[in-house]
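Novice: Model the structure of this input:
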Amino acid sequence: MSFTAEVKDELARVDGPNENAQRAQLSAIMRVCGTLSFRGPGRYSIKIATETGAVARTAIKLIHKLYDLETSLTVRRSVLHKTRNYLIEIPEQAELADVLVELGILAPGQGLSAGVPRNLLRTRSAISAFVRGAFMAGGFIADPRGEFHLEVAVTGEDFARELVALIGSFGATARLNHRRGAYAIYLKSYEDITALLRGMGAERVARVVELARAKKSVKNDVNRRVNAEMANQARSTGAAADQLELIDEAEHLIGFAALPPAVAAFCEVRRENPELSLAALGEEMDPPASKSAMYHRLLRLQKLVEDARGQGSPADAGLPD
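Specialist: Prediction:
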């Protein structure tokens, strides 16, 4: 089961607290994944198509519970995508036109309603149910172990913009993208997605997303630390290589016996430990020396070699960052 299907399955188990909320949810499902046919005054039929069994079950349950309308269900299996397709048909019947008006899908004397059914969305529970139905009908959410992305595909600009506003009432910021004759309402941040999930009633999935984010945070922190350590090691290795070249030059131009004891000791320990950072190298001295002390011995060695060359400072004497 895909992560989207898991979310829709949880949402299908959330019952609206009253008939008004249930009407709001049914209205959104019909509006987003339904097709309305018109054959004359008062003669309507509807087809609701979905690939999710939980959505089909919810739609049929609400249609029968609220209005006891006649329905038929056809289940087909897609050979290409290896998925089931559910088609719910509500044929022409005397009371269907009034039902469509009550659900805010038809406006009396005006045809199809352009926006959301404001008459149904007067309570918090109704708004939650409507957004829940819209997501069940046309929503997608990526597995949070990969990326944070949630979207709802709808038709009609007015409907899309008003749905964005309803999502905003949960404290989530949604954006709108016009895509091939439809509109994609999408959210890409962890905070917005969890706010929307909770607003729709998907508490369990919200916790799953939170856990995925926590794991990502730990993994990213470990990766940052490893990368920083590798970068530091690379810098230390490069600096040590330059220091070894400087030591070889000092031995050739000056000779270790002529170097100050502290500088000669630095050269000896560096040759024995080419992999260590300057701070770690100081711990190998007898007695141990601080990073600052080791740095000043390196500077002193550099100055002695420069004097021995009888010319200006080299471009890079391997001083650490």
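Novice: CA only for contacts and neighbour counts going forward, please
Specialist: Will do.
Novice: Give me the next element, helix or strand, following the helix or strand bottoming out on mean pLDDT in the chain.
Specialist: Within the chain, no helix or strand scores below helix 203-253, which has a mean of 80 by mean pLDDT, DSSP states H and E. For helix 203-253, the following helix or strand on the C-terminal side (DSSP states H and E) is helix 261-272.
Novice: for that next one, packing partners?
Specialist: helix 203-253, helix 291-309 (3 or more CA pairs under 8 Å, 6 or more residues apart in numbering; DSSP states H and E).
Novice: Where does the prediction get shaky in this structure?
Specialist: 79-81, 229, 232-234, 236-237, 311-321 (pLDDT under 70).
Novice: So which residue is smack in the middle of it?
Specialist: With distances taken as CA atoms, centre = their mean, the residue of the chain nearest its centroid is Phe148 (1.5 Å).
Novice: what's near enough to touch that one?
Specialist: Ile141, Ala142, Lys188, Ser189, Tyr190, Ile193 (CA atoms under 8 Å, 6 or more residues apart in numbering).
Novice: Please pick the buried ones from these.
Specialist: Ile141, Lys188, Tyr190, Ile193 (16 or more other CA atoms under 10 Å).
Novice: Confirm Thr35 sits in a strand?
Specialist: Yes. Checked against DSSP: H, G, I helix; E, B strand; the rest coil, Thr35 lies within a strand.
Novice: Quick check: bridge partners of it?
Specialist: Here Thr35 shows beta-bridge partners Lys47, assigned using DSSP bridges.
Novice: I'd say it and Ile48 touch.
Specialist: Yes. Thr35 lies in contact with Ile48 (CA atoms under 8 Å); the separation is 6.4 Å.
Novice: Next, Phe140: secondary structure please.
Specialist: Going by three-state DSSP: Phe140 is strand.
Novice: tell me the contacts of it?
Specialist: Here Phe140 is in contact with Thr4, Leu150, Glu151, Val152 (CA under 8 Å, 6+ apart).
Novice: want to throw the buried ones among the contacts of Phe148 into TSV with secondary structure and distance to Thr52?
Specialist: Converted to TSV, the buried ones among the contacts of Phe148 look like this (DSSP: H, G, I helix; E, B strand; the rest coil; distance: CA to CA, whole Å):
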residue	secondary structure	distance to Thr52
Ile141	strand	14
Lys188	coil	23
Tyr190	helix	25
Ile193	helix	21
